[in-house]
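# What shape does this take:
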Amino acid sequence: MNVTATTENSSREAFRKAVARICTCGALALTLGRPALAQESKSAALAKQLGAALDEAKLASIAAKDVSQPDVFVAALYYPGSMLLVVSAKITAPAALADKIEKKQYQDAYVDLQSASIPDTKIFVQDNGADGLHMKTFDTIDRGAKSIAFDGEWKKQKFNSEQEYEKVFDDGDAQYAKMLSTLIGSLKKTS
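Residues are numbered from 1 along each chain as shown. Reported below is the predicted structural model:
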């Protein structure tokens, strides 16, 4: 009887070790197989930095000229801890918009970019949580007439693969990070 009990205990222990190895390998495969989702987005720290700077300056909006691109402007509306709405575009009347920014009429500049921009140049980001873009949330990017929701539902949005969806996320995140950097730079100059 002791031999039978010892054999059963050895079998159970071997089974537990095998299950633990399988679980460890599975977790490692998931971690290594999806590095883009495991890493924090490029825009996360910048969105938090912009939010903190806007809080400190007691501003709910900001706008700036994108010095790296002719006639491109960036503007944001900020709802503390809740949402950051950021738009970048070329506009039909750049001198008038530059004047509004000079006068610190940032909300008006935001409205102009949303309504009077050249459609195929417009990029609009809805950052729910004001914490940068994240996969499998309800953050969105609109480019021209195309809207992409980063809710993890790549098939519904007619992407050919999850990898294509992740690439679009990475590109959008990099673009959003650049927009945020422009706004942060502008805030530093006006402080």
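# Could you tell me which residues make contact with the most centrally placed residue in the chain?
Centroid check for the chain by C-alpha atoms, centre = their mean gives L133 as the closest residue, at 1.6 Å. By C-beta atoms under 8 Å, 6 or more residues apart in numbering, L133 lies in contact with S41, S43, A44, V125, D127, D139, I141, F150, F169, G172, D173, Y176. Yep, even glycine has a C-beta here, placed from its N, CA and C like the rest.
# Between all of those, which two are at the greatest distance?
Farthest-apart pair in the contacts of L133 is A44 and I141; separation 14.9 Å (C-beta to C-beta).
# Report the secondary structure state of the residue nearest to the centre of the chain.
coil (DSSP: H, G, I helix; E, B strand; the rest coil).
# How is the chain partitioned into domains?
Per automatic domain parsing, the structural domains of the chain span 1-33, 40-190.
# quick one, helices of the chain?
In the chain, the helices defined using DSSP state H lie at 2-33, 35-38, 42-57, 94-102, 106-115, 162-190.
# quick one: average confidence on the last one?
Across helix 162-190, pLDDT averages out at 93.
# From here on, call the first residue 4.
Got it, the first residue is 4 from now on, which makes the last one we talked about helix 165-193.
# other SSEs contacting it?
Contacting helix 165-193 under the criterion 3 or more C-beta pairs under 8 Å, 6 or more residues apart in numbering; DSSP states H and E are the following elements: helix 38-41, helix 45-60, strand 64-68, strand 75-82, strand 86-93, strand 126-131, strand 142-146, strand 149-153.
# Just send these back as JSON lines, with mean pLDDT, mean neighbour count and distance to Y113 too.
Converted to JSON lines, the helices and strands packed on helix 165-193 look like this (pLDDT from 0 to 100; neighbours: other C-beta atoms under 10 Å; distance: least, C-beta to C-beta, whole Å):
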{"stretch": "helix 38-41", "mean pLDDT": "41", "mean neighbour count": "12", "distance to Y113": "30"}
{"stretch": "helix 45-60", "mean pLDDT": "96", "mean neighbour count": "18", "distance to Y113": "13"}
{"stretch": "strand 64-68", "mean pLDDT": "97", "mean neighbour count": "23", "distance to Y113": "5"}
{"stretch": "strand 75-82", "mean pLDDT": "97", "mean neighbour count": "23", "distance to Y113": "4"}
{"stretch": "strand 86-93", "mean pLDDT": "97", "mean neighbour count": "22", "distance to Y113": "7"}
{"stretch": "strand 126-131", "mean pLDDT": "96", "mean neighbour count": "21", "distance to Y113": "11"}
{"stretch": "strand 142-146", "mean pLDDT": "95", "mean neighbour count": "20", "distance to Y113": "15"}
{"stretch": "strand 149-153", "mean pLDDT": "92", "mean neighbour count": "16", "distance to Y113": "19"}
